[in-house]
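Peer 1: next come a sequence and a model predicted from it.
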Amino acid sequence: KAGVTQTPRYLIKTRGQQVTLSCSPISGHRSVSWYQQTPGQGLQFLFEYFSETQRNKGNFPGRFSGRQFSNSRSEMNVSTLELGDSALYLCASSYDPPGHSSSYNEQFFGPGTRLTVL
Amino acid sequence: SQELEQSPQSLIVQEGKNLTINCTSSKTLYGLYWYKQKYGEGLIFLMMLQKGGEEKSHEKITAKLDEKKQQSSLHITASQPSHAGIYLCGAEAGGGSNYKLTFGKGTLLTVNP
């Protein structure tokens, strides 16, 4: 089975621009979660989608948004980029949604998209 | 909100030595995950612990969950250069639609040959 894929792997943008990142989950997985990783704050939860619905959202401003398509692929969008948005953005997929009382909610992570905002 | 504190923040060991990384939670642990990350890359799932007292092993890595202490430990026996990387613990916080996975800041492990 192919793992979680994320595109692009690297991205350079300037302040004020907007960016869209893509995540393709493992085939058959229905849940996709997004995380932001920075040296200062570590790994922080952005949001989670299951069956095209956002189930949960972390403490990030409204400039951060996402969506999930019927094939479970997900995109996240960041508008009006700020220097502090420079980070590694990771997505993770699982068959069942995180928190579900099953053995199938283990999250598999993609390689990440490295976003640099100049 | 739940916070996870990992110790030590970094660790340098000689190949062949044993080591332990700890993860302490500010709240009760219901599910505890251990991941390994190569710098700038994605996370590789190591193991998940769900019950107090649970212990799991994979190759030379063993993880335990002490529910009373709200702590988990990751032990590597006879370390190898391939064990080098950042080890992250993650814990389930909230439940149902409020669920989210909270992570510690990570422990950077260097193994010198």
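Peer 2: Yep, that arrived.

Peer 1: show me the strands in chain A, by range?
Peer 2: For chain A, the strands defined by DSSP state E cover A:5-7, A:10-13, A:19-24, A:31-38, A:42-50, A:53-57, A:64-68, A:74-78, A:87-94, A:108-109, A:113-117.

Peer 1: how about those strands in JSON lines, adding distance to chain B, mean pLDDT and mean neighbour count?
Peer 2: Any C-beta I mention is one placed from the backbone N, CA and C, and that applies to glycine too. Shown next, in JSON lines, are the strands of chain A (distance: least, CB to the nearest CB, whole Å; pLDDT from 0 to 100; neighbours: other CB atoms under 10 Å in any protein chain shown):
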{"stretch": "strand A:5-7", "distance to chain B": "8", "mean pLDDT": "97", "mean neighbour count": "17"}
{"stretch": "strand A:10-13", "distance to chain B": "10", "mean pLDDT": "96", "mean neighbour count": "13"}
{"stretch": "strand A:19-24", "distance to chain B": "11", "mean pLDDT": "98", "mean neighbour count": "20"}
{"stretch": "strand A:31-38", "distance to chain B": "7", "mean pLDDT": "94", "mean neighbour count": "24"}
{"stretch": "strand A:42-50", "distance to chain B": "4", "mean pLDDT": "92", "mean neighbour count": "23"}
{"stretch": "strand A:53-57", "distance to chain B": "5", "mean pLDDT": "89", "mean neighbour count": "16"}
{"stretch": "strand A:64-68", "distance to chain B": "14", "mean pLDDT": "97", "mean neighbour count": "19"}
{"stretch": "strand A:74-78", "distance to chain B": "15", "mean pLDDT": "98", "mean neighbour count": "21"}
{"stretch": "strand A:87-94", "distance to chain B": "6", "mean pLDDT": "94", "mean neighbour count": "25"}
{"stretch": "strand A:108-109", "distance to chain B": "4", "mean pLDDT": "92", "mean neighbour count": "20"}
{"stretch": "strand A:113-117", "distance to chain B": "7", "mean pLDDT": "97", "mean neighbour count": "18"}
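
Peer 1: for the lowest-mean-pLDDT helix or strand in chain B, which residues meet the burial criterion?
Peer 2: Within chain B, confidence by mean pLDDT, DSSP states H and E is lowest for strand B:100-103 among all helices and strands, at a mean of 82. Across strand B:100-103, burial judged by 16 or more other CB atoms under 10 Å in any protein chain shown covers B:100-103.

Peer 1: check the residues you listed against chain A, which are close?
Peer 2: Taking CB under 8 Å from any CB of the partner chain as the test, chain A is in contact with B:100-103 out of the buried residues of strand B:100-103.

Peer 1: list just the nearest of these to B:A84.
Peer 2: Nearest to B:A84 among those is B:F103, at 19.3 Å by CB to CB.

Peer 1: quick one: the strands in chain B, in order.
Peer 2: B:4-7, B:10-14, B:19-25, B:32-37, B:43-49, B:55-58, B:61-66, B:71-76, B:85-93, B:100-103, B:107-112.

Peer 1: the longest one vs chain A: in contact?
Peer 2: Yes: counting by CB under 8 Å from any CB, chain A has neighbours in strand B:85-93: B:88, B:90, B:92.

Peer 1: which residues are contacting that strand?
Peer 2: For strand B:85-93, contacts defined as CB atoms under 8 Å, 6 or more residues apart in numbering or on different chains pick out A:43, A:98-99, B:1-2, B:4, B:6, B:21, B:23, B:25, B:27, B:29-39, B:43, B:46, B:72, B:74, B:99-104, B:106-109.

Peer 1: buried among those residues? Make that a PyMOL selection.
Peer 2: The PyMOL selection below is limited to those of these classed as buried (16+ other CB under 10 Å):
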select buried, (chain A and resi 43+98+99) or (chain B and resi 2+4+6+21+23+25+29+30+31+32+33+34+35+36+37+43+46+72+74+99+100+101+102+103+104+106+107+108+109)
